[in-house]
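*Asks:* Here's a sequence, model it:
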Amino acid sequence: MATAVLIAAVVGGGVLLLMRRLFPRQNAMKLLQYPADLMRGKTVIVTGANSGIGKALAGELLKLQARVIMACRDRKRAEEAARDIQEESGPGQGEVVIKELDLASLKSVRKFCQEIQEEERKIDVLVNNAGVYQCPYSKTEEGFEMQLGVNHLGHFLLTHLLLDLLKRSAPSRIVVVSSKLYNQSKLANLLFTLELAQRLEGTGVTVNALTPGIVRTGLGRHVHIPLLAKPLFSLASMLFFKTPLEGAQTPLYLACSPVVEGVSGKCFANCEEEELLAKATDGQAAKKLWDMSRKMVGLDDQ
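*Replies:* As a prediction, this is how the structure comes out:
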């Protein structure tokens, strides 16, 4: 027993030291304040809106009187999340619409987009938020590796199929939630944003990416943490990680703020433009990824 306690202390201390080095304590992020009717008459699609950053963002948009389309794989969880944010938003809120969308199925993406085109007069903002991280190896319905399929290819097709509606709704915005972890799928998000911004020049549609930082969400549920270190890791996350609401501030800023009206092709962190590594700003790689992604999702067959 004493040995186990000693091991736990050593491992836990190491975890706390590592967390302090990687994520030095910062002041809580200041929450954005906008006029209560800023998004009145605006329709916003948020993928993965049933939990984490997506749910917090949907709640903030609802408070600003937006019409929020929660695009989620699990309808029951989406309905529960919708009730939560409606209760928290109070009177004078916007409208919530729940639509099923499984980004691991290109068939589901196409069905979702067809319904949106038939039912919605306009889309003012598309927030590509949903994602998976370090999940056990699995494949999407079409046979793609799950993280690449959900984080990049599903959103790639979704965005393309909604582009005409976004252009007709201009000025409109696309917001891409990425990560500084720069794994394959998140790097793809940044390169996609870079190439799409060039192709949208002059259309009135802007696209920007963001890195929300390390946020206490279920996204890291597949990350293996030694059993003895879990309590201290939980403590460390409470001390050093952002809350979902704090993590939602930058996507909210890109979706709503007049300050970024007309800004496109950039990446933001903590509501400020950030400088990316060279591999995330490689125009040739972005073009190559674009062409390859079109083939993978079947757009070149149309």
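*Asks:* which non-adjacent residue is nearest residue 273?
*Replies:* Computed as C-beta to C-beta, 6 or more residues apart in numbering, the closest residue to residue 273 that is not its neighbour in sequence is residue 266, at 5.2 Å. Where C-beta positions appear, they are placed from N, C-alpha and C, glycine not excepted.
*Asks:* To clarify, my last question referred to residue 262.
*Replies:* residue 206 (6.5 Å).
*Asks:* now do residue 72
*Replies:* Distances taken as C-beta to C-beta, 6+ apart place residue 78 nearest to residue 72, at 3.8 Å, with adjacent residues excluded.
*Asks:* tally of neighbours for that neighbour?
*Replies:* One way to gauge burial is a neighbour count; for residue 78, by other C-beta atoms under 10 Å, it gives 24.
*Asks:* okay, the helix or strand hosting the residue nearest to residue 262 in CSV with CA atoms only?
*Replies:* In this structure, residue 206 sits in strand 205-210 according to DSSP states H and E. Below are the C-alpha coordinates for strand 205-210, written out as CSV (Å, rounded to 0.1, in the frame of the first residue of the first chain):
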residue,chain,number,x,y,z
VAL,A,205,-17.7,34.7,-47.8
THR,A,206,-14.8,34.6,-45.4
VAL,A,207,-13.1,31.6,-43.7
ASN,A,208,-10.9,31.6,-40.7
ALA,A,209,-9.4,28.9,-38.4
LEU,A,210,-8.8,29.0,-34.7
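*Asks:* partners of that strand, with directions?
*Replies:* According to DSSP bridges, strand 205-210 forms sheet pairs with strand 172-177 (parallel), strand 267-269 (parallel).
*Asks:* gap between the residue nearest to residue 72 and residue 108?
*Replies:* With the distance defined as C-beta to C-beta, to the nearest Å, residue 78 ends up 14 Å from residue 108.
*Asks:* before we move on, what about residue 282?
*Replies:* Counting by C-beta to C-beta, the gap from residue 282 to residue 108 is 31 Å.
*Asks:* same check, this time on residue 155
*Replies:* When residue 155 is compared with residue 108 (using C-beta to C-beta), they lie 13 Å apart.
*Asks:* go on, residue 197?
*Replies:* In terms of C-beta to C-beta, residue 197 sits 27 Å off from residue 108.
*Asks:* Of these two, give the one with the bigger neighbour count.
*Replies:* Remark: of residue 197 and residue 108, residue 197 carries more neighbours, 20 against 17, as counted by other C-beta under 10 Å.
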